[in-house]
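> Sequence plus the predicted model coming up.
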Amino acid sequence: MKAEQLFEIRFPAIPERLCLVRALVKRTVEVVGCSEDLGEKLVIAVNEACMNVIQHAYKGNDSGEIVLQILNNKSQIVFRLMDFAEPIDLDSVKPRRLDEVRPGGLGVHFIREIMDDCEMGHLEKGTGNYLEMRKKIG
Amino acid sequence: MKAEQLFEIRFPAIPERLCLVRALVKRTVEVVGCSEDLGEKLVIAVNEACMNVIQHAYKGNDSGEIVLQILNNKSQIVFRLMDFAEPIDLDSVKPRRLDEVRPGGLGVHFIREIMDDCEMGHLEKGTGNYLEMRKKIG
Amino acid sequence: MKYNTREDNGYTVIELDGEVDLSCSPEARKQILDCLSDGRHLLVDLSAVVYIDSSGVASLVEGYQMAKKKDLKFGLVSVSEAAMSVLQLARLDKVFPIHASVEERLQEDD
Amino acid sequence: MKYNTREDNGYTVIELDGEVDLSCSPEARKQILDCLSDGRHLLVDLSAVVYIDSSGVASLVEGYQMAKKKDLKFGLVSVSEAAMSVLQLARLDKVFPIHASVEERLQEDD
Ligand SMILES: Nc1ncnc2c1ncn2[C@@H]1O[C@H](COP(=O)(O)OP(=O)(O)O)[C@@H](O)[C@H]1O
Ligand SMILES: Nc1ncnc2c1ncn2[C@@H]1O[C@H](COP(=O)(O)OP(=O)(O)O)[C@@H](O)[C@H]1O
């Protein structure tokens, strides 16, 4: 079955937009029938992924743009995040070991723990990066 | 001052997406500091404008797409709605007289009553239509 | 939107629940018109309506008009704040018979 | 996010309120580190936190580590469900000293 696009949102890569993104994701996952608990987790994962784009892909450059597509194919919800920054070093994206307590290094761990699977890559011709996150629901 | 784009969302022109659009608009106007009462009114106006695109511009053709941009320039919030349907007859867009009680004909009235001003027109080269709705806030 | 239908002292009471928008107003409309087509008096309970758009309001107007034509009783009861503010925008708050509760309506009938 | 700071039996209590995310975690971090830099014992009240992201958690970790280094007392109190579920995801629920309330912490000190 073809995945059905629920939505696409575009927003400036700045921290002040994250609360809007969370609100939209929250409502979307409610509508597709996620439990409240799972819904909160999905909001966390998408939020951390957007934070990483703001902090690491755009390196705080606030003129960048983020595109988030949300797709649904009944039993799976798919979040596809795109940025238009320089292609990132994909190998650098990894979680820290949780037994060393230090500030930072939690985002990738949150995302991998919450999602069933993630795929990260470069957009065509070095125009940016994508992260696709998938989760089985219901 | 230049208007600051808060957001752009793209969604299929189908009634099932309206609840998501409302949720996003509601959260957005909260964040820019609208009162709850005004926020609810703005949600109503944007919802009716989207309904009209679904029903009258796309005439129920569910493969159409709607783009909603939300802009903020401190004292004013701007909702810019675009569709990619055939150019519509702009003169046909008018509210019914409220003293004749009949089903329908309320959407345009709601929008005009709630917003400070609205501007409707065709996109370049007959590629679609836009409706820009503005409201002073705070 | 969900809905629930029950009988109460000669009225059918349809309780609408949630968001009554274009995605479900055809269903609300059908419930309302089916009931009146069957010749039953109708009260629509809007206490649990958190959102109603112009298509939902249009279904209520259709019910009101059909009831009039068929000489059946019709009213709205326990209208939520969200629904009332839309009825006011539509200037229909003075058109529809509106009651605080089913009980209040029944007392008026006595 | 809003915050409120008060003194209670030798502790400074910082109450964080609302969404502690990247847009405001630098402010939360500053409050926490300023307080510890001044040599004050610190409790962070998370009862009104409806959302906290990894940058907010990082600010708490920094506070925890600075308190350790400066031999000051540090703890989290009244942790909301939303905040607790993030601390659990981070496996920090067993690292931070967490107390049901300021009173409970004070009793433990006795
Ligand atoms: N979108 C991204 N673009 C570039 N680098 C990334 C991205 N996401 C994660 N990274 C890399 O992965 C590392 C770990 O990320 P994360 O676990 O979120 O912790 P933190 O952001 O606190 O460093 C980051 O420090 C960064 O080097
Ligand atoms: N986006 C639009 N595209 C084309 N026609 C429109 C649009 N919006 C409104 N109209 C026209 O204006 C009329 C009044 O609209 P409205 O007040 O919303 O009531 P209704 O949709 O119930 O007819 C519609 O019947 C239609 O002819």
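Yep, that arrived. Ligands and ions are numbered 1, 2, ... in the order given.
> and C:V79, what does it touch?
Residues in contact with C:V79 (C-beta atoms under 8 Å, 6 or more residues apart in numbering or on different chains) are C:46-47, C:49, C:87, C:98. Every C-beta, even on glycine, is put in place using the N, C-alpha and C of the backbone.
> just checking, C:L76 touches C:S47?
No - between C:L76 and C:S47 there is no contact, the gap being 10.2 Å when judged by C-beta atoms under 8 Å.
> what stretches of chain A score poorly on pLDDT?
A:1-2 (pLDDT under 70).
> Can you tell me which residues in it are near chain D?
A:15-16, A:18-19, A:22, A:40-41, A:44, A:47-48, A:51, A:54-55, A:98, A:101-104, A:106-107, A:109-110, A:113-114 (C-beta under 8 Å from any C-beta of the partner chain).
> Apply 7 Å and report the result again.
A:15-16, A:18-19, A:40, A:44, A:47-48, A:51, A:98, A:101-104, A:106-107, A:110, A:113 (C-beta under 7 Å from any C-beta of the partner chain).
> Could you give me the ChimeraX selection string for whichever of these are buried?
To isolate the buried ones among these in ChimeraX, judged by 16 or more other C-beta atoms under 10 Å in any protein chain shown, type:
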select /A:15,18,19,40,44,47,48,51,103,106,107,110,113
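> Okay, and which of the residues of chain A next to chain D map to strands?
Per DSSP state E, strands hold no members of these.
> Ligand 1 next: which of the residues of chain A next to chain D are close?
With C-beta under 6 Å from any ligand atom as the criterion, those include A:104, A:106-107 near ligand 1.
> mind checking the SS state of the residue nearest the centre of chain C?
The centroid of chain C falls nearest to C:V44 when counting by C-alpha atoms, centre = their mean (2.9 Å). Of the three states, C:V44 takes strand according to DSSP: H, G, I helix; E, B strand; the rest coil.
> pretty sure it is touching C:Y11, no?
No - at 10.2 Å, C:V44 and C:Y11 do not qualify as touching, with contact defined as C-beta atoms under 7 Å.
> who's in contact with the residue in chain A positioned nearest to chain C?
Residue nearest to chain C within chain A (C-beta to the nearest C-beta): A:V31, separated by 10.4 Å. Shown in contact with A:V31 (C-beta atoms under 7 Å, 6 or more residues apart in numbering or on different chains): B:19-20.
> do A:D116 as well
A:134-136.
> Show me just the buried residues among these.
Applying 16+ other C-beta under 10 Å to these flags A:134-135 as buried.
> which of C:L76 and C:S47 has more neighbours?
C:L76 (23 against 13; other C-beta atoms under 10 Å in any protein chain shown).
> Which helix or strand contains that one?
strand C:74-77 (DSSP states H and E).
> what does that strand contact?
By C-beta under 7 Å, 6+ apart, strand C:74-77 touches C:42-46, C:60, C:63-64, C:67, C:96-99, C:101-102, C:105.
> For chain B, state which of these is nearest.
C:Y64 (7.7 Å).
> Pretty sure the closest one sits in a strand.
No - in this structure, C:Y64 is helix, not part of a strand, as judged by three-state DSSP.
> In space, what's closest to it - neighbours in sequence excluded?
C:F74 (5.5 Å; C-beta to C-beta, 6 or more residues apart in numbering or on different chains).
> Could I get the pLDDT score of the one you found?
pLDDT for C:F74: 98.
> So which bits of the helix or strand just after the strand holding C:L76 are buried?
Where DSSP H and E defines the elements, the next helix or strand beyond strand C:74-77 is helix C:81-89. By 16+ other C-beta under 10 Å, the buried positions in helix C:81-89 come out as C:82-87, C:89.
> Can you add distance to chain D and pLDDT and give these back as JSON lines?
Output for the buried residues of helix C:81-89, formatted as JSON lines (distance: C-beta to the nearest C-beta, whole Å; pLDDT from 0 to 100):
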{"residue": "C:A82", "distance to chain D": "23", "pLDDT": "97"}
{"residue": "C:A83", "distance to chain D": "28", "pLDDT": "98"}
{"residue": "C:M84", "distance to chain D": "29", "pLDDT": "98"}
{"residue": "C:S85", "distance to chain D": "27", "pLDDT": "97"}
{"residue": "C:V86", "distance to chain D": "29", "pLDDT": "98"}
{"residue": "C:L87", "distance to chain D": "33", "pLDDT": "98"}
{"residue": "C:L89", "distance to chain D": "32", "pLDDT": "96"}
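> who in chain A is up against ligand 1?
Residues of chain A lying near ligand 1 (C-beta under 6 Å from any ligand atom): A:52-53, A:55-57, A:88, A:92-93, A:95, A:104-109.
> follow-up on the earlier one: among the residues of chain A next to chain D, name the ones in helices.
A:18-19, A:40, A:44, A:47-48, A:51, A:107, A:110, A:113 (DSSP state H).
> ranges for the helices of chain C?
Going by DSSP H, chain C shows helices at C:25-37, C:54-69, C:81-89, C:102-109.
> go on, chain A?
Under DSSP H, chain A gives helices at A:18-31, A:36-52, A:107-114.
> Please work out which residues outside the last one touch it.
Spelled out, it's helix A:107-114. A:41-42, A:44-45, A:48-49, A:51-52, A:93-95, A:98, A:118, A:133, D:54, D:89.
> make it 8 Å
Against helix A:107-114 from outside (C-beta under 8 Å, 6+ apart): A:41-42, A:44-45, A:48-49, A:51-52, A:93-96, A:98, A:118, A:133, A:135, D:54, D:89-90.
> give the contact list for A:T28.
A:6-7, A:70, B:20.
> Looking at these, spot the one nearest ligand 1.
Comparing the contacts of A:T28 against ligand 1 with C-beta to the nearest ligand atom places A:I70 closest, at 18.1 Å.
> Might you report the residue contacts of the closest one?
Taking C-beta under 8 Å, 6+ apart, one finds A:5-8, A:25, A:28, A:77-80 in contact with A:I70.
> How about the contacts made by the residue in chain C positioned nearest to chain D?
Nearest residue of chain C to chain D, counting by C-beta to the nearest C-beta: C:V50, 20.4 Å away. Neighbouring residues of C:V50 by C-beta under 8 Å, 6+ apart: C:18-19, C:80, C:82.
> Compile those into JSON lines and extend it with columns for distance to D:D34.
Listed next are the contacts of C:V50 as JSON lines, based on distance: C-beta to C-beta, whole Å:
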{"residue": "C:G18", "distance to D:D34": "47"}
{"residue": "C:E19", "distance to D:D34": "46"}
{"residue": "C:S80", "distance to D:D34": "47"}
{"residue": "C:A82", "distance to D:D34": "44"}
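> Go back to those residues and keep what's next to chain B.
Answer for these near chain B (C-beta under 8 Å from any C-beta): C:19, C:82.
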